[in-house]
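Engineer: Attaching a predicted model along with its sequence, questions to come.
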Amino acid sequence: MGKTRTIYSCQSCGYQCLKWLGKCPECGEWNSLVEEVPARGTNSPGTRRPLLGESFPQPLTEISMDREERLFSGIGEFDRVLGGGIVPGSIVLIGGDPGIGKSTLLLQAFERLTESGRTALYISGEESARQTKMRAERLGISSRNLLVQTETSLETIMASINEVKPCAVAIDSIQTIFSTELESAPGTISQVRESSSKLMCLAKSMGPSVFLIGHVTKEGAIAGPRVLEHMVDTVLYFEGDRGHPYRILRSVKNRFGSTNEIGVFEMKDSGLAEIVSPSELFLAERPLNVPGSVVAACMEGSRPLLVELQVLACHTNFGTPRRTSLGVDYNRVTLLIAVLEKKAGLNFFDQDVFVNVAGGVRVEEPAVDLAVIVAAASSLRNRPVDPGIVAFGEVGLAGEVRAVSQAEMRIKEASKMGFSTCLMPQNNINRISIDCGDMKLVGVNSIEDALEAYEGVD
C-alpha cells in the first residue's frame, strides 16, 4: 500500500503546498496551514458532473424571463435587506459574532414562512434538537411545518431536502458540515467549499432558498475561504454592541437588491423586534444644548438615517494628544482634525479628541464629515449647536465642502423628525427640486462658511 499523499491548505486564502509552513506565502497569515488529504479518482471536484445539468450557448434575447414571486418572511426589516423578500433558489450567507442573534432571526423568519402552509427545514450542526426546541419555546415558536434536524453529514442533509422539499433551508452552521467524499476535517477550506458548492447546486436545481450561518474571525470577517462569499447570492452581516440591545443586519452583497442596505432590530427576551423608524430610536435620548453634539443625516443603502454624532475635546495631560473614534473611521477623524487646524485656525495640538456615534451604529460614508467638523468646533469652543440643526456633507483636504448623493431623501427624513435647519453643501442646494416646507436650507462651500453658519444660526 502506497503512502497517502497529503497537502497543506491555508484556511484563510486557500493556498496549497506540499509541506507545512508557519506563515502562508500568499496572505501572510501565521499558523493557518492545515494538513488535508485530497480527493482521489472520480471524487475529485474537477471530475464530477455538475448538478445543474447540461448547458448550451444561446442568444441573450432568447433567454426566458419567468419572473418568480418572492417569499415574504413577515419580518419587514429582514425582507428589506434581502431586496424585497426571499428569492426562491437563492443562497444567503449570514455572519456575525457568537450570540448576536443569527439563529434567532432565522427561526423567527421560518416560523412566519410556515404560517401560510409552507414547509421550512432547520438543520442544526451545533445544537441538539432539544436545545433548538428550548430556544423556540422562549421565542414563542410552535409550528408543525417547521422541521428541525440535527445533522452534520452533507449527504444526509441533501437526502432530507430531497425528501421534504421545503421552501427554505437553514444550515447552522456551514463550518460544521462535512462531506464523506473528502477526508479532511469539518471546517477546513476544502469541506466548506465542497459543502457550499453542493448546496448551491441543489438550491438552483430544486428551488429552495438556502440560508448558511457562518462563523466569523476575530477581525469580524466570515471564517473560511473568501470564495465562499463569491459563491453565494447574498452576504449579510449581523452587527451590534453587546452593551446595546440594538442589532443591525447589513447587506454587503446582494444579486437581487441593493447593497449596503440595513435592517434595524432590538433584542428582547422574546427575540428580535424590528425597528420601523431607526432615526427616532437613535435620537430618543439625545441631550439638548450640549457642546459637541450634532445630528448627522447619512444614508444606509436606500434608507436615510439620522444619528447623533458626539465629539469631546479636552486638554491632554500627555505630550501626544489622543484621537479616539467609535462608529466613525479613525483615519477620517484624524484627517478632519488636521483640516480644522490648517484651514480654520483651531488648535487641537494640546487637545484629546474623542468621537462617538450614539446608539452603537457605525457610519461608513463621508457625508458625516461636516457634522464631525461642526461638533469638534462646538466642543473646543464650548458652544452648543442649535438642537434643530442637522448637517451632512463631505469635506476635502482643502477645506471645501463637497456635494453628496440623495440629498433630498436626507432632507425629507430630517423634516419628518422635526428639524428646522439643514446645514449642507451649496452645490446640493442648487440641485434641490422638492418643496422643503418650513425647513431652512443653509448652503456652505467651505468649513469656514460652515462654522460661521453654525454660529449665526445659534
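Structural biologist: Noted; the coordinates are in hand. Residues are numbered from 1 along each chain as shown.

Engineer: List the buried residues in stretch 377-387.
Structural biologist: Residues 377, 378, 379, 380, 384, 385, 387 are the ones in stretch 377-387 that count as buried (16 or more other Cβ atoms under 10 Å). The C-beta positions use only the backbone N, C-alpha and C, and glycine is treated the same way.

Engineer: The closest residue to residue 20 other than its chain neighbours: what's it in contact with?
Structural biologist: Residue nearest to residue 20 in three dimensions, not counting chain neighbours: residue 8, with 5.2 Å by Cβ to Cβ, 6 or more residues apart in numbering. Contacts for residue 8 (Cβ atoms under 8 Å, 6 or more residues apart in numbering) come out as 16, 17, 18, 19, 20, 21, 33, 34, 35, 36.

Engineer: Turn the buried residues of stretch 377-387 into CSV, columns for secondary structure, distance to residue 221 and pLDDT.
Structural biologist: CSV is the format used below for those (DSSP: H, G, I helix; E, B strand; the rest coil; distance: Cβ to Cβ, whole Å; pLDDT from 0 to 100):
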residue, secondary structure, distance to residue 221, pLDDT
377, helix, 36, 95
378, helix, 36, 95
379, helix, 34, 95
380, helix, 37, 95
384, coil, 40, 93
385, coil, 37, 93
387, coil, 39, 92
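
Engineer: Make CSV from these and add distance to residue 307 to it.
Structural biologist: Rendered in CSV, the data for those read as follows (distance: Cβ to Cβ, whole Å):
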residue, distance to residue 307
377, 19
378, 16
379, 17
380, 21
384, 18
385, 15
387, 14
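
Engineer: for those, which one is nearest residue 416?
Structural biologist: Using Cβ to Cβ, residue 387 comes nearest to residue 416 of these, at 16.1 Å.

Engineer: Would you confirm that that closest one contacts residue 288?
Structural biologist: Yes: between residue 387 and residue 288 there is a contact at 4.5 Å, judged by Cβ atoms under 8 Å.

Engineer: mind giving me the domain split of this protein?
Structural biologist: Per automatic domain parsing, the domain ranges recorded for the chain read 7-41, 70-276, 281-457.

Engineer: Distance to residue 57 added to those domains, as CSV?
Structural biologist: Output for the domains of the chain, formatted as CSV (distance: least, Cβ to Cβ, whole Å):
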stretch, distance to residue 57
domain 7-41, 30
domain 70-276, 19
domain 281-457, 36
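
Engineer: hmm, back to that, ok, of the buried residues of stretch 377-387, which one's closest to residue 283?
Structural biologist: Of those, the one sitting nearest to residue 283 (Cβ to Cβ) turns out to be residue 387, at 10.0 Å.

Engineer: and the closest one, how far is that from residue 378?
Structural biologist: From residue 387 across to residue 378, the span is 12 Å (Cβ to Cβ, to the nearest Å).

Engineer: Quick one: the strands in the stretch 201-350 of the chain, in order.
Structural biologist: Secondary structure of the stretch 201-350 of the chain by DSSP state E, counting those that start in this stretch: the strands cover 209-214, 234-239, 246-254, 262-268, 271-274, 293-300, 303-315, 323-326.

Engineer: Out of these, flag the one nearest residue 436.
Structural biologist: With distances scored as Cβ to Cβ, the stretch of these nearest to residue 436 is strand 293-300 (13.1 Å).

Engineer: Show me what the closest one is packed against.
Structural biologist: With contacts defined as 3 or more Cβ pairs under 8 Å, 6 or more residues apart in numbering; DSSP states H and E, strand 293-300 has these neighbours: strand 303-315, helix 369-381, strand 389-391, helix 407-416.

Engineer: Give the residue spans of the stretch 201-350 of the chain that score low on pLDDT.
Structural biologist: Filtered on pLDDT under 70, the stretch 201-350 of the chain yields the residue ranges 218-220, 223-226.

Engineer: neighbours around residue 287, how many?
Structural biologist: The tally of other residues near residue 287 (other Cβ atoms under 10 Å) stands at 11.

Engineer: Am I right that the residue nearest to residue 20 is in a helix?
Structural biologist: No: using DSSP: H, G, I helix; E, B strand; the rest coil, the secondary structure at residue 8 is strand, not a helix.

Engineer: Begin at 314 from now on, thanks
Structural biologist: From this message on, residue numbering opens at 314, which makes the last subject residue 321.

Engineer: roughly how far apart are it and residue 492?
Structural biologist: 20 Å.

Engineer: cool, and residue 325?
Structural biologist: Applying Cβ to Cβ, the value for residue 325 to residue 492 is 21 Å.

Engineer: what's around residue 728, how many residues?
Structural biologist: Neighbours of residue 728 under the rule other Cβ under 10 Å: 17.

Engineer: quick one, what contacts it?
Structural biologist: 749, 750, 751, 752.

Engineer: do that again at 7 Å, thanks
Structural biologist: Taking Cβ atoms under 7 Å, 6 or more residues apart in numbering, we find residue 728 in contact with 749, 750, 752.

Engineer: Now render the residues you listed as JSON lines, adding pLDDT, neighbour count and distance to residue 586.
Structural biologist: Rendered in JSON lines, the data for these read as follows (pLDDT from 0 to 100; neighbours: other Cβ atoms under 10 Å; distance: Cβ to Cβ, whole Å):
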{"residue": "749", "pLDDT": "77", "neighbour count": "15", "distance to residue 586": "33"}
{"residue": "750", "pLDDT": "75", "neighbour count": "9", "distance to residue 586": "32"}
{"residue": "752", "pLDDT": "87", "neighbour count": "17", "distance to residue 586": "31"}
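
Engineer: among these, which are in strands?
Structural biologist: Per DSSP state E, strands hold no members of the contacts of residue 728.

Engineer: Just the closest of the residues you listed to residue 553, please.
Structural biologist: If you rank those by distance to residue 553 using Cβ to Cβ, residue 752 comes first, at 32.2 Å.

Engineer: Let me see the contact set for the closest one.
Structural biologist: 724, 727, 728, 733, 735.

Engineer: Drop anything exposed from those residues.
Structural biologist: So, by 16+ other Cβ under 10 Å, the buried ones in those are 724, 727, 728, 735.

Engineer: Next one: the third one relative to residue 592, how far apart?
Structural biologist: Same thing as residue 728. Taking Cβ to Cβ, one finds residue 728 at 12 Å from residue 592.

Engineer: What of the first one?
Structural biologist: Relative to residue 592, residue 724 is positioned 13 Å away (criterion: Cβ to Cβ).
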